[in-house]
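Novice: I need the structure of the sequence given here:
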Amino acid sequence: MPAVSKGDGMRGLAVFISDIRNCKSKEAEIKRINKELANIRSKFKGDKALDGYSKKKYVCKLLFIFLLGHDIDFGHMEAVNLLSSNKYTEKQIGYLFISVLVNSNSELIRLINNAIKNDLSSRNPTFMCLALHCIANVGSREMAEAFAGEIPRILVAGDTMDSVKQSAALCLLRLYKASPDLVLMGEWTSRVVHLLNDQHMGVVTAAISLITCLSSKNPDEFKTCVSLAVSRLSRIVSSASTDLQDYTYYFVPAPWLSCKLLRLLQCYPPPEDGAVKGRLVECLETILNKAQEPPKSKKVQHSNAKNAILFEAISLIIHYDSEPNLLVRACNQLGQFLQHRETNLRYLALESMCTLASSEFSHEAVKTHIETVINALKTERDVSVRQRAADLLYAMCDRSNAKQIVAEMLSYLETADYSIREEMVLKVAILAEKYAVDYSWYVDTILNLIRIAGDYVSEEVWYRVIQIVINRDDVQGYAAKTVFEALQAPACHENMVKVGGYILGEFGNLIAGDPRSSPLVQFNLLHSKFHLCSVPTRALLLSAYIKFINLFPETKATIQEVLRSDSQIRNSDVELQQRAVEYLKLSSIASTDVLATVLEEMPPFPERESSILAKLKKKKGPGAVSVELEDGKERGELNGGGDRGGEAAIAASNASTPSPSADLLGLRSAAPVSGAAPSAGSLLVDVFSEAGPAASSAGVNDDGFLSSAPPSAASEDPAPPLPESDELLNKFVCKNNGVLFENQLLQIGIKSEYRQNLGRMYLFYGNKTSVQFVSFSTTVSCPGELQSQLNVQTKTVEPLVEGGAQVQQVINIECLTDFIDAPLLNIKFRYGGALQNISLKLPVTINKFFQPTEMAAADFFQRWKQLSQPQQEAQKIFKASHGMDTEVLKAKLLGLGTALLENVDPNPENYVCAGVIQTKAQQVGCLLRLEPNAQAQMYRLTLRSSKDTVSQRVCDLLAEQF
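Specialist: Residues are numbered from 1 along each chain as shown. From the prediction side, this is the model:
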């Protein structure tokens, strides 16, 4: 940069600033400023032309006055005139004034643009940098229109200086963020990507910020950057601190560039090229190895730079979720940070381990740190770290440790910070419900939760415990006894009274045989709390009283006396008064049979997703729960891991849970007490919606689910399925969660769960642009024979999707009989006035309805021989498309939905599996044998089932996975 000559000191400006600083009062300062403004105005309007130095000095004074907080309404033209100067200092002040004071709607923009064009074409690197900085600072749409085509040319030109390239890359990034529709790379794409190979590290650092932003919006256009980024990262990671002296920060080579490279790679799936992937894995292993080395400096800057790279590397490992060894190593490394003296490191370690807990490969490794996490929850002084510890406990919870984790969270609740108590209550309630094998434990946990943190127990929580008690007759007596004992406490929270009133009103007769809990004792206990409660709770208690009259006729006189009292029938609250009058009249004039009919026990609620999860999601914010779509297979089953029987089930479904083990359907629930199996439609009823537990109507239910129908004739015809639809479908044969489709405008994520012959799928449509999608609609259709093989119901989506926003759609699926084709998903919307019409195949395949079946070796081979007819067997011999890694093979076979049978095949290298495909019409048993030949890199896959079409279809699907 040019040196500032001695004459450029602007003594007049220094004197003015000194005068302002010496002012004793605000009034004196304003007076001095007004005097200076009048002087500057007179100079600008005078007849005598000002030289460049004077203009620069006066413009500087105006800029200083503006920075003091005063309005400036003149001097803009003089600043623009400074842009045409050939002196660096004058041009610099002109650009500075324009960057700060000129807005994007100014009439001077055209003149400014002309001056900028002159500087960009001047080939003077200093002037070019000033012009690029001004464009980036103003960043208006007019400037984007004027220079979006020019800046990429400067960026990739061979004769452009490195400093100008850096400025051009960052300027283009600023314009792209402000007006993405105007910055079109087109022919420049490949040349911009190749800036990653530039010799100047500063250019690479600036270019990678631009490429990362462009890749996140248009990944396909910039996918060639992956191999270049891996190559550059490899050179940095393997270099010594002395190799990159200008870019080594406290003995760490190019830490900022390393972090940006790792972040760029997170925009893409793992590289398909084996050599590139191997080199990347080697880089990640080197980074993890360096983390174990003794520090080369004791200064905090060294450890910060080193850890920044490490955490980005761990984020990339988690993003890929395909390297078990790296995931476990990352988990162990984070485990060391859990006890680090630096609070920020402990926080980051807990946060990263929350994500690792959702991976099938690292979940067990995360669980080994449970004692450390529990200790952090109890002893950490920083509330944000304690909150992350609670989040990690929630994420690592499964059937094996649920009781320990719930007990620890309950213990912590008694002293927890008020800011996180409500969230903790929701998590305890969800975990207790999700992993409740023993329902008496569930009831005890929720009542304990109400006792400890009653003020933070939302209505959703006590609604849920009532629903579960009503739907399970094996726990009703225990619940009545437990709640009766809880109500005897002198200080009893109002939520406990609500639960007690509801449960005793329904099931008090189950404990009435004990003299200590006789009907009158129950009533007196409830009524002793009546005067302390709010109006809604009193209304609930009045309903419980009338139920008592039906259950216990001997209490009728006592309860009628209460209802007849002035405090009830003359109550100032109209709801309480109406209930008292109506219940009193009902109990007086209705016969016993009529009373029994009107006040009969509540029927079992139809199953639906837990509203507690929706509450937690709302509490955490839209980006915190279930935004990331984990690609790992389901870790465990709600309420019982591999045991999928109704005995180990909970009466609720967990549709919005952030864990992949969520029960989206409530399919592990016990059947209703009446014995009638709920239909697919009844699963959709919201038990605690404002409308109450009403059954869904045919065709359209309470949730707005519609049976799939062809689009109306007035709408545009659906587009044919994309060419890559089959490839996308095959990606989801052995997994249920992930990104189904992505282009420069739209990302479609998917989460799904299946139980027996039913499935529920969540589709997440993400708008990747900054522009609204209008007329957004989706249609799911079953072509040809599929209409009689699958029953599909969809919920409509919002027609408007804001820029950067995400909308969710729920699809319910019922398998009527075995099938081959997949349903078609058609998405239509308008972007910038143009119609977008996309059709995909939904990843619904016959193996999704597998139920794993455990077998002994003798049973397996006996059944294998029974299925010996030629039409019952399908076999394929094929070459391996991927590495023959044992853990990956096991994960894919488990992801298929079958049970992997250990020590069954005489050859330990072979894999055998068993499962039953559940359809509404019939159950189809399947046996599978996979024989790998590592030397020839070949597989032989054999499927036997009781139905030939199933054998062939499952064989075809699975052969594509290896």
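
Novice: quick one: low-confidence ranges for the chain?
Specialist: In the predicted model, the chain carries pLDDT under 70 at residues 1-9, 47, 104-106, 241-243, 607-717.

Novice: give me phi/psi at the residue nearest to Val156 when sequence neighbours are not counted?
Specialist: Distance criterion C-beta to C-beta, 6 or more residues apart in numbering; nearest residue to Val156, sequence neighbours excluded, is Arg191 at 4.1 Å. Every residue, glycine included, has its C-beta placed from N, CA and C. Backbone torsions of Arg191, given as degrees, to the nearest 10, read phi -70, psi -30.

Novice: Kindly report the same for Glu960.
Specialist: On the backbone of Glu960 - angles per degrees, to the nearest 10 - the values are phi -70, psi -10.

Novice: distance of it from Arg386?
Specialist: 47 Å (C-beta to C-beta, to the nearest Å).

Novice: So for these two, which residue has more residues nearby?
Specialist: Arg386 (22 against 15; other C-beta atoms under 10 Å).

Novice: Test my guess that the more buried one contacts Glu380.
Specialist: Yes. With contact defined as C-beta atoms under 8 Å, Arg386 reaches Glu380; the gap is 4.8 Å.

Novice: Can you tell me the element the nearest residue to Leu130 once chain neighbours are set aside falls in?
Specialist: Nearest non-adjacent residue to Leu130, counting by C-beta to C-beta, 6+ apart: Tyr95, 5.0 Å away. In this assignment (DSSP states H and E), Tyr95 forms part of helix 88-101.

Novice: do the same with Ser190
Specialist: helix 189-193.

Novice: Now that helix: buried residues?
Specialist: Thr189, Val192, Val193 (16 or more other C-beta atoms under 10 Å).

Novice: Distance of Asp887 relative to Ile211?
Specialist: Quick fix: residue 887 is Glu, not Asp. From Glu887 over to Ile211 (counting by C-beta to C-beta), the distance is 34 Å.

Novice: More neighbours: these two, which one.
Specialist: Using other C-beta under 10 Å, the more surrounded residue of Glu887 and Ile211 is Ile211, with 26 against 12.

Novice: Would you mind confirming that that one makes contact with Leu265?
Specialist: No. Counting by C-beta under 8 Å, Ile211 does not reach Leu265; the two are 11.2 Å apart.

Novice: Let me know the secondary structure of Glu423.
Specialist: Secondary structure for Glu423, judged by DSSP: H, G, I helix; E, B strand; the rest coil, is helix.

Novice: how much space between it and Leu410?
Specialist: According to C-beta to C-beta, Glu423 and Leu410 sit 14 Å apart.

Novice: and Asn304, backbone torsions?
Specialist: Asn304 adopts backbone torsions of phi -60, psi -50, taken as degrees, to the nearest 10.

Novice: what about it, neighbour count?
Specialist: Considering only other C-beta under 10 Å, Asn304 is surrounded by 16 other residues.

Novice: can you pull the contacts of Ala479?
Specialist: Val443, Val469, Ile503, Phe507 (C-beta atoms under 8 Å, 6 or more residues apart in numbering).

Novice: and which of the residues you listed is nearest Glu724?
Specialist: Among these, Val469 lies closest to Glu724 (C-beta to C-beta), at 49.5 Å.

Novice: before we move on, which element is the closest one in?
Specialist: helix 459-471.

Novice: cool, Phe44 as well?
Specialist: Here Phe44 sits within helix 26-45, counting by DSSP H and E.

Novice: Show me what that helix packs onto, helices and strands only.
Specialist: helix 11-22, helix 52-67 (3 or more C-beta pairs under 8 Å, 6 or more residues apart in numbering; DSSP states H and E).

Novice: Of these, which is nearest Ser179?
Specialist: helix 52-67 (26.7 Å).

Novice: Downstream of that closest one, the next helix or strand is which one?
Specialist: helix 76-82.

Novice: roughly how far out does that next one sit from the chain middle?
Specialist: 50 Å (C-alpha atoms, centre = their mean, to the nearest Å).

Novice: Go through that helix and flag the buried ones.
Specialist: Quick answer for helix 76-82 (16+ other C-beta under 10 Å): His76, Glu78, Ala79, Val80, Asn81, Leu82.

Novice: Kindly report the same for stretch 69-77.
Specialist: Neighbour-count burial for stretch 69-77 [16+ other C-beta under 10 Å]: Ile72, Gly75, His76.

Novice: Isn't the first one up against Val100?
Specialist: So that's Ile72. No. Ile72 is beyond contact range of Val100, at 9.6 Å (criterion: C-beta under 8 Å).

Novice: which residues do these two both contact?
Specialist: The contact lists of Ile72 and Val100 share Phe66, where a contact means C-beta under 8 Å, 6+ apart.
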